[in-house]
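Trainee: from the sequence below, what's the structure:
(2 chains)
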Amino acid sequence: MSLTTYFMEATYLIASILFILSLKMMSHPDTARRGMFLAEGGMFAAIVGTLVGTEIISWTWIIAGLALGSIIGAWMAITVPMTAMPQRTALSHAFGALAAALVGVGEFLVHINDLGGIKRGALGFEIMLGALTTTGSLIAAAKLQGIIQGKPVQFRGQNIVNAAIFLSMTGCFIYSWIHPEAAAVFYTMLGLAFVFGVMLVIPIGSADMPVVMSLLNSYAGLAAAATGFVLGNNVLIIAGTLDGFSGFILSVLMCKAMNRSITNVLFGGFGAAIAEASTDTGGVMREISLDDAAMQLAFANRVIFVPGYGLATAQAQHAVRELGELLEERGVTVKYAIHPVAGRMPGHMNVLLAEANVPYSSLYEMEQINPEFSSTDVAVVIGANDVVNPDARDNPKSLIAGMPILEVDRAKSVIVLKRGQGRGFSGLENPLFYKSCTSMLYGDAKSSLSHLAQAVQHV
Amino acid sequence: MNPAVLIASVYVFALAAFLGYQVISRVPPLLHTPLMSATNAISGISLIGSLVLAGAKGYPQAAHILGFVAVTTATVNVVGGFGITDRMLKMFRKKPETKATATDGKVVAK
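Mentor: Here you go, the predicted structure:
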């Protein structure tokens, strides 16, 4: 080995250590940012090491790619609003997976005859995971952005079609593993994987996106790890595996928070059977006027805000912080209750509220805050629905039975901010809205909240 | 692949998986969005594979072009991913300390 190769391997080792350290520092908001600087340093070292240690003959494409990628990346980093974070993350899963798939195709073009059985196997996984994650993530991003409808797209025999695609893809993989010279079969596998990615994500409704996002995250990481096996590159294996496992852990957490299995999310087609299943609970929803609501809040001792995806769509994060601060000035204890699957990706609500300058010490996880609802005067539900549906706890027949919820119905009084009388995203009836302690405040969450803030000032 | 190298790779994979599980399960739900965005940026390390494809000796023109696209998308992830993670992490702040220390002071004075 030449000196430059040793240098390259040394940078890879340093990068691996820095990546792990940076994720360790993610365990606390105070250290997380410094941790990211370490990871950036590791990445820079690995890039320099590669360029020094590899015999580069043409710099044109490298410089063009680095420049173009940096411009697009920097532009995204600066301009993407926090409310669009789920779409941006889905897009970046697509980009990462596409890079892995393309490197795989490149290896196939150049080295396929030198690759042994195990590397050919890893190459197959790299191609399949990379391609299906690319299209799957693009569909997820389009759904989140509202370019295509967020409702599940389903048709008769869907699971059979999907199984057929999956089996053909696997067949191509095995054939191409045995006969690596058969390029047509290899590219068919690639094409089928692209199609499979689309088919995998279109039947999934937007409310299940936190799970899908985490799974795609996991696949993108595993595709990078497979690339590491093909290239015999340890830093790729380590970074890819870290990403893969992080996604996997998050999807398990998200599934637990919905009391569903991963297979149920992927193949269950949630949302289709609901029309028949939801029973009419009857009763009336009581509407409340702005002034009455403001009065309740102003004279309360303890208030808990419960944000949901509606907060993000209405961009109401700043309005709720203003109202919260006004209440705190009056001596009210204000807390925020965050359900693990509130929003469209893990941690979505935390980021939005942090953007609006809500200190993270006021944000509470479900297990921490649930015992406190019974001693709370007013719980304000902002654009959340399923995560506060008492049916999940009380009605074993409910479609979401067993899903852990924020127990807002134990509060002395509940104010629900809602756009209209409709059933909200999942289409499930929510008995919370009919309880005697609940009152409804209709209208756009952002304007309702800022009107409430004005009214509180006049109390 | 020679078996010793393969075994070493499997070791690296298994240990990274174990370490990843240990480290990442400690990340609080508060930071799950930045975590996802950070791991994404880190897995942009596939950039180093793309760089080789885009310019190294012994690869045909077609591979260079595939490599160019791969370098572009991986760089978007690295630059965009780290940039946006930093932007998010910057926003997380504690409760302003001033009030808390002021009241502490009073208690001590009493």
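Trainee: so where is the stretch 351-459 of chain A shaky, pLDDT-wise?
Mentor: Within the stretch 351-459 of chain A, the segments meeting pLDDT under 70 span A:422-427.
Trainee: can you tell me the helix or strand for residue A:71?
Mentor: helix A:60-79 (DSSP states H and E).
Trainee: one more: residue A:416?
Mentor: Counting by DSSP H and E, residue A:416 is part of strand A:413-418.
Trainee: wait, does the helix or strand that comes right after the helix holding residue A:71 contact chain B?
Mentor: Per DSSP H and E, the first helix or strand lying C-terminal to helix A:60-79 is helix A:85-111. Yes. Helix A:85-111 lies within reach of chain B by C-beta under 8 Å from any C-beta of the partner chain, at A:85, A:88-89, A:92-93, A:95-96, A:98-100, A:102-103, A:105-107, A:109-110. For glycine as for every other residue, the C-beta is placed from the backbone atoms N, C-alpha and C.
Trainee: helix or strand next in line after helix A:85-111, which one?
Mentor: The helix or strand immediately downstream of helix A:85-111 is helix A:117-145, counting by DSSP H and E.
Trainee: and that following helix, what does it pack onto?
Mentor: Contacts defined by 3 or more C-beta pairs under 8 Å, 6 or more residues apart in numbering or on different chains; DSSP states H and E place helix A:117-145 against helix A:85-111, helix A:158-178, helix A:183-201, helix A:209-231.
Trainee: most tightly surrounded among those?
Mentor: helix A:209-231 (a mean of 29; mean count of other C-beta atoms under 10 Å in any protein chain shown).
Trainee: and it, what other elements does it pack with?
Mentor: helix A:85-111, helix A:117-145, helix A:234-258, helix A:262-267, helix B:3-24, helix B:32-42, helix B:47-55.
Trainee: of those helices, which is nearest residue A:9?
Mentor: helix A:234-258 (8.5 Å; C-beta to C-beta).
Trainee: list the buried residues for that closest one?
Mentor: A:234-255, A:257-258 (16 or more other C-beta atoms under 10 Å in any protein chain shown).
Trainee: ok, and which of the residues you listed reach chain B?
Mentor: Contacts with chain B within the buried residues of helix A:234-258, counted by C-beta under 8 Å from any C-beta: A:234-247, A:249-250, A:253.
Trainee: any residue of stretch A:160-179 touching chain B?
Mentor: No. With C-beta under 8 Å from any C-beta as the criterion, chain B is not reached by stretch A:160-179; the gap is at least 14.3 Å.
Trainee: show residues contacting that stretch.
Mentor: Residues from elsewhere that reach stretch A:160-179 (C-beta atoms under 8 Å, 6 or more residues apart in numbering or on different chains): A:117, A:120-121, A:124, A:128, A:182, A:185-186, A:188-189, A:192-193, A:195-196, A:199-200, A:267.
Trainee: hmm, back to that, orientation of the helix holding residue A:71 relative to helix B:32-42 in degrees?
Mentor: Inter-element angle recorded for helix A:60-79 and helix B:32-42: 170 degrees (by axes from the mean of the first three to the mean of the last three C-alpha atoms, to 10 degrees).
Trainee: list the buried residues of helix A:60-79.
Mentor: Here helix A:60-79 shows A:61, A:62, A:65, A:66, A:68, A:69, A:70, A:72, A:73, A:76, A:77 as buried, counting by 16+ other C-beta under 10 Å.
Trainee: is chain B within reach of stretch A:182-202?
Mentor: No. Stretch A:182-202 does not reach chain B (C-beta under 8 Å from any C-beta); its nearest approach is 12.0 Å.
Trainee: any regions of the chain where pLDDT drops low?
Mentor: If you meant another chain, say so; for now it's chain A. For chain A, the ranges with pLDDT under 70 are A:268-282, A:422-427.
Trainee: try chain B instead
Mentor: Using pLDDT under 70, chain B drops low at B:1, B:96-110.
Trainee: who touches the residue in the stretch 251-400 of chain A that chain B sits nearest to in this structure?
Mentor: Closest approach between the stretch 251-400 of chain A and chain B, counting by C-beta to the nearest C-beta: residue A:347, at 3.2 Å. Neighbouring residues of residue A:347 by C-beta under 8 Å, 6+ apart: B:29, B:30, B:31, B:32, B:33, B:34, B:35, B:36.
Trainee: what's the farthest-apart pair in the residues you listed?
Mentor: The most widely separated members of the contacts of residue A:347, counting by C-beta to C-beta, are B:30 and B:36 (12.9 Å).
Trainee: ok, the two, which is more surrounded?
Mentor: It is residue B:36, of residue B:30 and residue B:36, that has more neighbours when counted by other C-beta atoms under 10 Å in any protein chain shown, with 28 against 23.
Trainee: do you know how far the more buried one is from chain A?
Mentor: Separation of residue B:36 from chain A (C-beta to the nearest C-beta, to the nearest Å) stands at 6 Å.
Trainee: need the next SSE after the strand holding residue A:416, C-terminal direction.
Mentor: Next along the chain after strand A:413-418, taking DSSP H and E as the criterion, comes strand A:438-442.
Trainee: just to revisit the earlier point, can you redo the contacts of residue A:347 as JSON lines with distance to residue A:372?
Mentor: JSON lines is the format used below for these (distance: C-beta to C-beta, whole Å):
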{"residue": "B:29", "distance to residue A:372": "17"}
{"residue": "B:30", "distance to residue A:372": "18"}
{"residue": "B:31", "distance to residue A:372": "22"}
{"residue": "B:32", "distance to residue A:372": "22"}
{"residue": "B:33", "distance to residue A:372": "24"}
{"residue": "B:34", "distance to residue A:372": "26"}
{"residue": "B:35", "distance to residue A:372": "26"}
{"residue": "B:36", "distance to residue A:372": "28"}
